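*Asks:* The following comprises the amino acid sequence and a computationally predicted model.
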Amino acid sequence: MDLGNPKPNREVFDEYGKELVKLCGKLIKVMSINLGLEEEYLENAFGGEDIGACLRVCFYPKCPQPELTLGLSSHSDPGGITLLLSDEHVYGLQVRKSNNWITVKPAPHAFIVNIGDQIQVLSNAIYKSVEHRVIVNSDKERVSLAFFYNPKSDIPIEPAKELVKPNRPALYTAMTFDQYRLFIRLRGPCGKSQVESLKSPR
């Protein structure tokens, strides 16, 4: 790919993005079915075909003292689904399991799929968003492509009524994605505390 000529790159990324939107649409249909909901439930809750999506190319230079910095602080993604195409030879992504950080080793020709906070809210916390961070490498630079599949910005997101039971009340009140993004920007990245702080008191 010729990085000095942006027009062909734009066409490639445009086609790449369209295919990833299709893939995410299939994934949330499977998630809906797994939750016992109608196949189209999560897709419709996101706004149908009128969803939000963006691609971010992340470059992490090598760092002679990687223990002194992070490529990206601990957080969960605020949106719906993140598809990450990561360098399979240079590891950088870590996910939190209990109190430990586990380094993710990407499989060749495969995406890493992260569930975001909006899926956690819609599923009434049956699905959990993934707390993660990025570390840097002392010897090698690293590139990753992160594709974010998000709800339409002005649709209220709340737990699916079918998933609210007497023994499992709604954990979250309705909030649009725009409102949630503003909420977390004012707080900054801080693990999963943003989505956890939205839980309704019982």
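*Replies:* Right, received. Where do you want to start?
*Asks:* Go through stretch 151-162 and flag the buried ones.
*Replies:* Pro151, Lys152, Ile155, Ile157, Glu158, Pro159, Ala160 (16 or more other CB atoms under 10 Å). Bear in mind the C-beta positions are built from the backbone N, C-alpha and C, glycine included.
*Asks:* How about stretch 30-38?
*Replies:* By neighbour count with 16+ other CB under 10 Å, stretch 30-38 contains the buried residues Met31, Ser32, Leu35, Leu37.
*Asks:* can you tell me how far the residue nearest the centre of the chain sits from Ile115?
*Replies:* By CA atoms, centre = their mean, the chain has its centre lying nearest to Thr82, at 3.5 Å. Applying CB to CB, to the nearest Å, the value for Thr82 to Ile115 is 8 Å.
*Asks:* do His109 as well
*Replies:* On the measure of CB to CB, His109 and Ile115 end up 22 Å apart.
*Asks:* neighbour count winner among these two?
*Replies:* Each of His109 and Ile115 has its neighbours counted (other CB atoms under 10 Å); Ile115 has more, 20 against 7.
*Asks:* I'd guessed that one sits against Glu131; true?
*Replies:* No - using CB atoms under 8 Å, Ile115 makes no contact with Glu131, being 10.8 Å away.
*Asks:* can you list residues touching both of those two?
*Replies:* When contacts are counted by CB atoms under 8 Å, 6 or more residues apart in numbering, Ile115 and Glu131 have no shared neighbour.
*Asks:* Now find how far off-centre the longest helix seen in the chain is within its chain.
*Replies:* Ranked by number of residues, the top helix in the chain under DSSP state H is helix 6-34. Relative to its chain's centre, helix 6-34 lies at 14 Å (CA atoms, centre = their mean, to the nearest Å).
*Asks:* Skip ahead from it and say which helix or strand is next.
*Replies:* For helix 6-34, the following helix or strand on the C-terminal side (DSSP states H and E) is helix 41-46.
*Asks:* Out of the buried residues of stretch 30-38, which is nearest to Asp77?
*Replies:* Nearest to Asp77 out of the buried residues of stretch 30-38 is Met31 (CB to CB; 15.1 Å).
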